[in-house]
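Q: how does the following fold in three dimensions:
(one chain, ligands or ions: 2)
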Amino acid sequence: MKIHVLKNIFQRNDNAARENRELLDTSNVTCINLLGGAGAGKTALLEAVIPLLADSLRVAVLEGDLATTKDAARIDALGVPVVQLLTDGGCHLNATLVQQGLQRLPFHELDLLFIENVGNPICPASFDLGEHLRISVLSIAEGDDKAAKYPILFKDADLIVLTKCDLQPMTDFDFDAVTRDLRRINPEAEILQTQARNAAGIDPLSTWLLSHCRPSSMASVK
Ligand code: MG
Ligand code: ZN
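A: Ligands and ions are numbered 1, 2, ... in the order given. As a prediction, the model looks like this:
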């Protein structure tokens, strides 16, 4: 019986995810699901990179959170459209909740949509939201064993971003060991090292995003 219930949950989710992807495709919007544990630095990464994209892409953000609008307020301060998705204690976003968020965004005025998932290295990765690409985030403050311990977070990522790399002198974080683990789990994804606080590594992130987005209709406006 439990298996049956789970199957229904995933089936409903996958249907909504398919509808979301169709809507995004029709509107020519590239959508990125940003995944990582609590405190990995997902919001800080968005704060650092979104200003670099502003000249080339029209960006919006769906912010997943259990209980607060703290991250949405940080994104709002950047001056881009943001919709808060509150899971009311739920530990992941699902495609139905994302669908509700999509309805509140100005689609014809967007090129790139980030969905910042709930901070959790486990189950968010199991739910397709209708995104085109996944970026998985690991802060070096979390420890160099986390790639091996949470492979589900990294195995389907298109890009893996290591954050807070400026903390390395205060930790025993072993970049070589983590890179070996990540390569074993996901041989394809590019791995970037970043420090959002001082913008190191944010240019390569912005370049990656620009090269993976559909051609912006802003180009024809200019
Ligand atoms: Mg956040
Ligand atoms: Zn969950």
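Q: residues in contact with the closest residue to ligand 1 within the chain?
A: Residue of the chain nearest ligand 1, by Cβ to the ion: Thr43 (3.4 Å). Quick note: C-beta positions are derived from backbone N, CA and C, even for glycine. By Cβ atoms under 8 Å, 6 or more residues apart in numbering, the contact list for Thr43 reads 63, 71, 74-75, 116.
Q: is it in a helix, a strand, or coil?
A: Counting by DSSP: H, G, I helix; E, B strand; the rest coil, the backbone at Thr43 sits in helix.
Q: about what we covered before: nearest to ligand 2, of the contacts of Thr43?
A: Glu116 (15.1 Å).
Q: what residues are up against the closest one?
A: 34, 42-43, 46, 61-64, 71.
Q: same question, Ile32
A: Residues near Ile32 by Cβ under 8 Å, 6+ apart: 112-115, 131-135, 209.
Q: sheet partners, orientation included, of the helix or strand harbouring it?
A: Assigned by DSSP states H and E, Ile32 belongs to strand 30-36. Note on strand 30-36: by DSSP bridges, its sheet partners are strand 112-116 (parallel), strand 133-139 (parallel).
Q: mind listing the helices for this structure?
A: 2-26, 42-53, 70-76, 95-102, 146-149, 151-154, 175-185, 202-212, 218-221 (DSSP state H).
Q: sorry, back to before: pipe the strands paired with strand 30-36 into JSON lines and attach mean pLDDT and distance to Ala125 per row.
A: Output for those, formatted as JSON lines (pLDDT from 0 to 100; distance: least, Cβ to Cβ, whole Å):
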{"stretch": "strand 112-116", "mean pLDDT": "98", "distance to Ala125": "13"}
{"stretch": "strand 133-139", "mean pLDDT": "98", "distance to Ala125": "8"}
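Q: show me the contacts for the nearest residue to Thr87 once chain neighbours are set aside.
A: The spatially closest residue to Thr87, leaving aside those adjacent along the chain, is Leu66, at 5.5 Å (Cβ to Cβ, 6 or more residues apart in numbering). Contacts for Leu66 (Cβ under 8 Å, 6+ apart) come out as 86-91, 118.
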